[in-house]
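**Q** Just need the structure, nothing else, for what follows:
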Amino acid sequence: MGEGSPSCTPPMGAGLPHAPITQQTNVHQEQQKPSWRSIFDDDLQKKMEILPYLPECRGAKVVKIMEEDTIEEVEYWKHSIVGYLVGKRSYFYHISDFLKRIWKTAGNFKLISLPKGFFMVRFDDENTILQRIHTYQGRPMILKRWDKNVNLEKEILGSVPIWVQLFNLPMHCTGNMSIARVCSQFSKPLYPDEATLARERGGFVKVMVEVDVHDELPEVVNVDIHGIECEVFIEYDWKPQLCRKCNGYNHSEVKCPRLKIRNHPQNGLSNRKGNWFHMHREKV
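**A** Predicted structure coming up:
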C-alpha cells in the first residue's frame, strides 16, 4: 500500500453507537429486570401468593388491624389455655414431654411456646384440663383460659398450691378429717392424691395444700391422738422461696439479681397480687 493511498481503517468511533444511545439502552435494560418471582414456574408462584398486598398500608405510620382480620384465628384458638410454671423457668421441650404424657387422655391437642416462659395448648375441649390443679416437679402450673385479651404477665402470687407428704400418722388417722386437721396447722388443705383417697398406701399420705408464700413452712407438726402425743413429719415436693426484693421465686434476697442490676424493670411480673385459689377460680 502506497503512501498516497487512502487508509482502510475507519476513523475512531465510526460506525459505533453514540454515548447518549448507550445510556438509553442501559435505562431500557434496567426497566426490563425481572422480579424474583419470575424465576419460579407458574405453579409455584400461585402457591406463594397466599397473602394479599394491601397498598393502603404502604408507608402508614400506624397499621390498623381490623376486627374481621382476626375472626379466623379467634375461632381457631377459642378452646385453648395459656399457662406457666411458678418458679424457675424450665426448658419448653421438658414441659412439652410432661404435658403430652399427663394429658394423653384429653384427646388431640397442640402445644406451642410463648414468650416470657408461657406456653399455649389448643384442645378439642379444654374444660376437663381446667378442673384440676397441675404441678411439674412439685411446682404449681398456673393455667388460664385463653381469649384475645389474655395478659401474658406472671402474677405476683400471695399463695400457691403444693403437694405435701405426711409421715408417722397411724392408719386410723389417715382419713379426710384427720388429714385436714394436720394440714390446717400450716396451710389450707385442698384434696388428697388418688392413692391416699383409695387407701392404697400405708407409709404416708399425700395431700395438695395451699400455702402462703410468706410463711415459714414447718417440718414437724405435733398432734394429740386421744391423749397420746406424737410428731407428724412433713415433706414438701417444692417450697415457694420468695424473694422480698423482687417478688421472684427460687432465690434468696442475698442472691437476688437486682443486687447486681440496679433499677432494672421487673421482667415478666405484673403488679397484680392476690390469693392463688381465688385467681384460679376466676379464670375457670
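
**Q** Pro161: what secondary structure?
**A** Counting by DSSP: H, G, I helix; E, B strand; the rest coil, the backbone at Pro161 sits in strand.

**Q** cool, the one 5 residues further on as well?
**A** What three-state DSSP gives for Leu166 is strand.

**Q** That one - how many residues pack around it?
**A** Per other C-beta atoms under 10 Å, the neighbour tally for Leu166 reads 23. Quick note: C-beta positions are derived from backbone N, CA and C, even for glycine.

**Q** cool, Cys183 as well?
**A** Neighbour tally, Cys183, other C-beta under 10 Å: 24.

**Q** before we move on, what about the one 3 residues further on?
**A** The burial count assigned to Phe186 is 17, neighbours taken as other C-beta under 10 Å.

**Q** Now do the contacts for it.
**A** 209, 211, 215, 217-218, 221, 234 (C-beta atoms under 8 Å, 6 or more residues apart in numbering).

**Q** what's the answer for Gly117, then?
**A** The contact partners of Gly117, by C-beta under 8 Å, 6+ apart, come to 84-85, 89, 154, 268.

**Q** so which two of these are the farthest from each other?
**A** The span of these, defined through C-beta to C-beta, is set by Leu85 and Gly268 at 12.0 Å.

**Q** So which of these two has more stuff around it?
**A** Neighbours per residue (other C-beta under 10 Å) separate Leu85 from Gly268, with Leu85 holding more: 21 against 15.

**Q** can I assume that one is in contact with Arg139?
**A** Yes - taking contacts as C-beta atoms under 8 Å, Leu85 lies within contact range of Arg139: 5.3 Å.

**Q** For the stretch 51-200 of the chain, which segments are assigned as strands?
**A** 80-85, 109-113, 119-123, 134-136, 139-145, 154-157, 159-167, 188-192 (DSSP state E, counting those that start in this stretch).

**Q** Now tell me what touches the first one from outside.
**A** Read that as strand 80-85. Contacts of strand 80-85 (C-beta under 8 Å, 6+ apart): 95, 114, 116-123, 126, 129-130, 136, 139-146, 150, 152, 154.

**Q** hmm, back to that, between the strands of the stretch 51-200 of the chain, which one is closest to Met177.
**A** That would be, of those and by C-beta to C-beta, strand 188-192, which comes in at 10.3 Å.

**Q** The closest one: partners in the sheet, and parallel or antiparallel?
**A** Next to strand 188-192 in the sheet, as set by DSSP bridges, lie strand 204-212 (antiparallel).

**Q** so the strand it pairs with versus strand 159-167, what angle?
**A** Orientation of strand 204-212 against strand 159-167 (axes from the mean of the first three to the mean of the last three C-alpha atoms, to 10 degrees) gives an angle of 150 degrees.

**Q** Check what contacts strand 204-212 and list those residues.
**A** So strand 204-212 is in contact with 133, 158-167, 169, 174, 179, 183, 186-193, 195-196, 217, 235, 240, 276-277, going by C-beta under 8 Å, 6+ apart.

**Q** do that again at 7 Å, thanks
**A** 133, 158-167, 169, 174, 179, 183, 187-193, 195-196, 217, 240, 276-277 (C-beta atoms under 7 Å, 6 or more residues apart in numbering).

**Q** Which among those residues count as buried?
**A** 133, 158-166, 169, 174, 179, 183, 187, 189-190, 192, 196, 240, 276-277 (16 or more other C-beta atoms under 10 Å).
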